[in-house]
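Pasting a predicted model and its sequence here:
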Amino acid sequence: MNTTPEPQPEELRPTQPHRTASPRTASPRASEPGSALVHHTGRLYFPVAFVARLPFAMMVVGVLTLVVSARGSLSFAGLSSAMVGLGTACVGPLLGAAADRYGQRVVLLVAGTANGLMLAGFAWAVYSTLPDAAVLVAAFLIGTTAPQVGPMSRTRLVRIISDRLAPNLRVRSFNSTMAYESAADETVFVVGPFLVGILASGVAPWLPLVAAGAITLVFVTAFALHPTSTVQRTHDRDAAEAAPLRDLWHPGLVSVIVGILGVGLFFGTMLTSLTAFMNDQGDPERAGLVYGVMGVGSAALALAVALFPVGFTLRARWLTFAGVVLAGTLTLPFAGSVLHLVVALAVIGIGVGPTLVTQYSIGSTLSPRGRSTTVMTILGSAVIVGQSIGSAVTGEVGERFGASAALALPSIAASIVVLAGVAYWFVAHRTLTDGDSLVGDGPSEPSPATPVLETSGAPSA
């Protein structure tokens, strides 16, 4: 087994003068990683950031549910969801790049306001006499304006850890923070559809998107105005020039992007095929409720990742838990009842959370200098793009060939996640044995262009 420490993001390297921890980090209340981080963010930061990312997880499912109900076509609903993903793919990374350059606050305020209005406007458009093309344009605009709360939260917290925490707390705090942030993303991607199911079936199909718009206007604005939004901007005034864009296309990072796209594909294929199955049962609005079963084990295991031993390497975690997801999805086409699906989703949930945590941790490790928000935004956008493509394809398959055929598609998505994990395994192995360093994931003696945290406390590749 490789014993070379897997480096952390270059921001955590405790050797640069401007990153020395302030005296405040020595206070008793900041003597542990968790309390130290909360000491600098404030207690309201985490609940505000959690709620602010909910609309991002509700928009694809909300569009799918509303269009199925209002326009009566699963195929068109899937296409509408795909337009949301297309909008995110086109503009999401640009929002991250803008935040790296101009700061998060202004980007979030503009995007959040526009997105809140678009979510509510889409609900009106679907019920109006506007043609289908107008509905698709509105769906695209939802995606283009979607605030990237999750990626920006990660960037803020990593910067706080590197700038303000004592060096002996940074590695543990980074690992715990990556686990929490990924668990939060995983939780909202399950809770979001769950809320959509409750609101759509209990009140009206339009309510989830209107509620998401209201949450965006209130909580994304609060997240934008939080004092931590200036952390990255303040640091960047003194930081070295950002790495060139070509550094984003190193093989290791590309493997992670493909892998996390596969997770998004799984989310989209799973929920849409489940919707097709529940539609055959005469209760499509309850698909989000059944889907929520997956979140129980998923969120718990995602949080538990911080407790995994150092010897359980990141690439081993990826393949192990992605394999669990694949095994669970292979049983889906044979489901004859809702109970069968519930059991399969419970098993799948054990693998999804840790897989997502691992991918985000590797992605953060591989972020080029000055491109951390861009990388995190690309990864967050990849989830939505995958979810949207999965929804569109599965909607078409479900409408043409039935729910059983649609339920075969999640296993294809899971296979992509596994194959990307295999690719990363070999890329990381080549990096560690040949010395051909990736950005942030090189050997123990990386080149000056790819500085890393010199510590033995992190899991190896």
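Cool, the structure landed. Residues are numbered from 1 along each chain as shown.

Next, the contact list for residue 121, please.
residue 138 (Cβ atoms under 8 Å, 6 or more residues apart in numbering). C-betas here are computed from N, CA, C, even on glycine.

what about the strands in this structure?
For the chain, none of the segments meets the definition of strands by DSSP state E.

looking at it, which residue lies furthest from center?
Among the C-alpha atoms of the chain, the one most distant from their mean position (Cα atoms, centre = their mean) is that of residue 129, at 35.1 Å.

just for the protein, where's the confidence low?
Scanning the chain with the threshold set as pLDDT under 70 gives 1-35, 231-247, 285, 306, 369-370, 429-461.

Just give the nearest non-adjacent residue to residue 390, would you?
Closest residue in space to residue 390, ignoring its immediate chain neighbours: residue 268 at 2.4 Å, by Cβ to Cβ, 6 or more residues apart in numbering.

Kindly apply the preceding question to residue 67 instead.
When the adjacent residues along the chain are set aside, residue 67 lies closest to residue 77, with 3.8 Å between them (Cβ to Cβ, 6+ apart).

try residue 71
residue 126 is the one closest to residue 71 (Cβ to Cβ, 6+ apart), at 6.6 Å.

For the one you found, which residues are in contact?
By Cβ under 8 Å, 6+ apart, the contact list for residue 126 reads 66-67, 70-71, 135, 206.

quick one: the helices in the stretch 301-450 of the chain?
Using DSSP state H, counting those that start in this stretch, the helices of the stretch 301-450 of the chain run over residues 314-329, 338-365, 372-401, 403-406, 409-434.

Quick one: list the elements packing against the shortest one.
Right, helix 403-406. helix 251-280, helix 372-401 (3 or more Cβ pairs under 8 Å, 6 or more residues apart in numbering; DSSP states H and E).

Out of those helices, which gets nearest to residue 167?
When the helices and strands packed on helix 403-406 are ranked by distance to residue 167, counting by Cβ to Cβ, first place goes to helix 372-401 at 19.4 Å.

So which bits of the closest one are buried?
372-399 (16 or more other Cβ atoms under 10 Å).

so how many other residues sit close to the residue nearest to residue 409 when sequence neighbours are not counted?
Beyond its immediate neighbours in the sequence, the residue positioned closest to residue 409 (Cβ to Cβ, 6+ apart) is residue 269, lying 4.1 Å away. Around residue 269 there are 31 other residues, counting by other Cβ atoms under 10 Å.

ok so, going back, if I pick the residue nearest to residue 67, what's in contact with it?
Under the contact definition (Cβ under 8 Å, 6+ apart), the residues listed for residue 77 are 63-68, 71, 391, 395.

re earlier: tell me which of the helices of the stretch 301-450 of the chain sits most buried.
Most buried of these by mean neighbour count (mean count of other Cβ atoms under 10 Å) is helix 372-401; its value is a mean of 26.

And that one, what does it pack against?
For helix 372-401, the helices and strands in contact under the criterion 3+ Cβ pairs under 8 Å, 6+ apart are helix 54-71, helix 74-102, helix 149-164, helix 167-202, helix 251-280, helix 338-365, helix 403-406, helix 409-434.

Apply 7 Å and report the result again.
If you count contacts as 3 or more Cβ pairs under 7 Å, 6 or more residues apart in numbering; DSSP states H and E, helix 372-401 packs onto helix 54-71, helix 74-102, helix 149-164, helix 251-280, helix 338-365, helix 403-406, helix 409-434.

can you list these in a markdown table and add distance to residue 299?
Conversion of the helices and strands packed on helix 372-401 to a markdown table gives the following (distance: least, Cβ to Cβ, whole Å):
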| stretch | distance to residue 299 |
| --- | --- |
| helix 54-71 | 13 |
| helix 74-102 | 23 |
| helix 149-164 | 15 |
| helix 251-280 | 14 |
| helix 338-365 | 6 |
| helix 403-406 | 26 |
| helix 409-434 | 18 |
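
Nearest approach to residue 302 belongs to which of the ones you listed?
Between residue 302 and the helices and strands packed on helix 372-401, the shortest separation by Cβ to Cβ is 3.2 Å, and it involves helix 338-365.

Can you check what angle separates that closest one from helix 409-434?
30 degrees (axes from the mean of the first three to the mean of the last three Cα atoms, to 10 degrees).

Is it possible to get JSON lines of the helices and strands packed on helix 403-406 that adds distance to residue 148?
Compiled in JSON lines, the helices and strands packed on helix 403-406 are given as follows (distance: least, Cβ to Cβ, whole Å):
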{"stretch": "helix 251-280", "distance to residue 148": "14"}
{"stretch": "helix 372-401", "distance to residue 148": "5"}
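
For the residue nearest the centre of the chain, give me its contacts.
What sits nearest the mean C-alpha location of the chain, by Cα atoms, centre = their mean, is residue 380, with 4.3 Å. Remark: with contacts taken as Cβ atoms under 7 Å, 6 or more residues apart in numbering, residue 380 is in contact with 92, 148, 150-151.

Does residue 257 touch residue 382 like I think?
Yes - with contacts defined as Cβ atoms under 7 Å, residue 257 counts as touching residue 382 at a distance of 5.5 Å.

So residue 393 versus residue 405, what's the distance?
Using Cβ to Cβ, to the nearest Å, we find residue 393 at a distance of 11 Å from residue 405.

and what of residue 92?
For residue 92 relative to residue 405 (Cβ to Cβ), the value is 31 Å.

now do residue 283
Here the criterion is Cβ to Cβ. By it, residue 283 lies 20 Å from residue 405.

and what of residue 150?
Here residue 150 is placed at a distance of 33 Å from residue 405 (Cβ to Cβ).

got it, and residue 416?
From residue 416 over to residue 405 the distance is 18 Å, taken as Cβ to Cβ.

what's the answer for residue 51, then?
In this structure, residue 51 lies at 37 Å from residue 405, with Cβ to Cβ as the measure.

If you count neighbours, what's buried in stretch 163-170?
For stretch 163-170, burial by neighbour count (16+ other Cβ under 10 Å) applies to 163-167, 169-170.
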